[in-house]
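Participant: below are the sequence and a predicted model for it; my questions follow.
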Amino acid sequence: MHANFASKAIDALKLHGRIVTDPAQLAHAFNGFFTGIGTMLAQKIPQEQKTLDDFLCHPIPNSFALVPTNLNEIMDIANSANGTL
């Protein structure tokens, strides 16, 4: 570990106009900042009027999709294929 690491520790912050040095309050301040920064930045992103289709290329004719299934459907397919292998 680098020898200067301890000297870079934050031991005080100015919060709401006053200096805070209590480790619990410092931890709470950092937690509040880092848990809220994502929402704050997301609110600054301009809203687009585009839809998902505006970003997609032309559909590929030989494409496929997966749909949900269940155990009964799988068992029916497996049972119907028993004699075909």
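Facilitator: Sure thing, it's come through.
Participant: for the protein, which residue occupies the most central location?
Facilitator: The C-alpha lying nearest the average C-alpha coordinate of the chain belongs to Gly38 (Cα atoms, centre = their mean; 9.9 Å).
Participant: check which helix or strand that residue maps to.
Facilitator: Per DSSP states H and E, Gly38 falls inside helix 23-43.
Participant: which strands and helices sit next to that helix?
Facilitator: Packing contacts for helix 23-43, counted by 3 or more Cβ pairs under 8 Å, 6 or more residues apart in numbering; DSSP states H and E, involve strand 13-15. For every residue, glycine as well, the C-beta is placed using N, CA and C.
Participant: pLDDT weak spots in this protein?
Facilitator: 1-7, 83-85 (pLDDT under 70).
Participant: how does it look with 80?
Facilitator: 1-8, 52-53, 57-61, 63, 82-85 (pLDDT under 80).
Participant: about what we covered before: got a list of what the residue nearest to the centre of the chain touches?
Facilitator: For Gly38, no residue meets the contact criterion (Cβ atoms under 8 Å, 6 or more residues apart in numbering).
Participant: can you tell me how far it is from Leu66?
Facilitator: Look at Gly38 and Leu66: by Cβ to Cβ, to the nearest Å, they are 31 Å apart.
Participant: if we can go back for a sec, how distant is the helix holding Gly38 from the center of its chain?
Facilitator: Taking Cα atoms, centre = their mean, to the nearest Å, the mean C-alpha location of helix 23-43 is offset from the chain mean by 17 Å.
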